[in-house]
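Enquirer: sequence first, predicted model second:
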Amino acid sequence: MTKRWKWRGICAGLITSAMFFCTPGALAAEKLIWLVRDLPPMAVHDGPNKDQGIIDRLLPVLIANMPQYEHVIQRVNRARSLQMLEGQELACDPMLVWNQSRALHIVYSSPIFGLRSNGLAIRRTDEQLIAPFVHDQAVDLPALLSAQSVKLGLVAKRSYGVWIDDQLSKSPRDPLFIHYGNDAIGSLLQMQHAGRLPTLLGYWPEIQSKAKQYGLSSKALAFYPIQGAPAYQTIYAGCTKTPQGQKAIADINTVLGHLPRDSIASAQTFWIQADQADDGRASAPLPVQEPTVP
């Protein structure tokens, strides 16, 4: 039987409740822990679009084409994922943003896809709070942070992209509210809805999807790009920086290199058609450079 990359067959049954995958005779196979979290449009654990995320649909394809491993899927928050990726046990996160500090402990795959960058969400009734910092429909984040007049909600240990991360690292601590919980964006949105937190950072499809899960109206929110930040953010898989992790990344890259050209695009189209993006560009493939380790 000719070897074929198992995309078409997988697409027919991508939505699966299985949290453990093992091929017959693979009892001695090395265990590979996949670290995932609820982060639309990449992964959706609850709500009407459950299991319809881009990575939700890609991960079974990676698993099916890497039978040399014993695959375990583990749901963790961002902080726990990074902690495990800095350890010695073989673990991979298929939905990572690259930055220099992470690259010291994590080996990255080839780019998987591009996602519209994180932006700032605010209730429409509160837009006057950020009006002095909005230019050409984008927020001047450094000026907003320097003014220390508006609280900004963040997810602990999350990277918002190199440019935004750099601005946050220079910010005074007072305007930042950092949430360490398992459903940080959901909690931040609830705080915002209650009037206790004016603004937060996130992906627009993520904010819209989370708002729906909590019975909140995303139409009551305004979303602003960050002035000066790249329009798109590249998403990678990352594994522990060990010989085993290096081998896993090589295997992941092999699978990614053999996927049909439109396979990721078809998963992204779901979110555009489901009106999860403000302008139909929330996620789109784009050419990017491979990350380099400092």
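Expert: Right, received. Where do you want to start?
Enquirer: flag the shaky bits of the chain, pLDDT-wise.
Expert: Residue ranges of the chain with pLDDT under 70: 1-27, 272-294.
Enquirer: each with direction, which strands does the biggest strand by length in the chain pair with?
Expert: When the chain is parsed with DSSP state E, its longest strand is strand 232-240. Sheet partners assigned to strand 232-240 using DSSP bridges are listed as strand 91-96 (antiparallel), strand 106-108 (antiparallel), strand 113-116 (antiparallel).
Enquirer: residue 221: how many residues sit nearby?
Expert: The tally of other residues near residue 221 (other Cβ atoms under 10 Å) stands at 22. From N, CA and C alone the C-beta is placed, and that goes for glycine too.
Enquirer: if I pick the closest residue to it other than its chain neighbours, what's in contact with it?
Expert: Using Cβ to Cβ, 6 or more residues apart in numbering and skipping the chain neighbours, the partner closest in space to residue 221 is residue 121 (5.1 Å). Residue 121 is in contact with 192, 199, 200, 201, 202, 204, 207, 221, 222, 223, 224, counting by Cβ atoms under 8 Å, 6 or more residues apart in numbering.
Enquirer: what is the burial count for residue 137?
Expert: 9.
Enquirer: and it, what does it touch?
Expert: Residue 137 sits next to 224, 225 when contact means Cβ under 8 Å, 6+ apart.
Enquirer: can you report phi and psi for it?
Expert: phi 60, psi 20 (degrees, to the nearest 10).
Enquirer: how far away is it from residue 186?
Expert: Distance, residue 137 to residue 186, by Cβ to Cβ, to the nearest Å: 27 Å.
Enquirer: try residue 238
Expert: Separation of residue 238 from residue 186 (Cβ to Cβ): 24 Å.
Enquirer: buried residues of the helix or strand hosting residue 178, list them for me.
Expert: In this structure, residue 178 sits in strand 176-179 according to DSSP states H and E. By 16 or more other Cβ atoms under 10 Å, the buried positions in strand 176-179 come out as 177, 179.
Enquirer: against which helices or strands is it packed?
Expert: Packing contacts for strand 176-179, counted by 3 or more Cβ pairs under 8 Å, 6 or more residues apart in numbering; DSSP states H and E, involve strand 152-155, helix 184-193.
Enquirer: tell me the strands beside it, with direction?
Expert: Looking at strand 176-179 with DSSP bridges, its paired strands and their directions are strand 152-155 (parallel).
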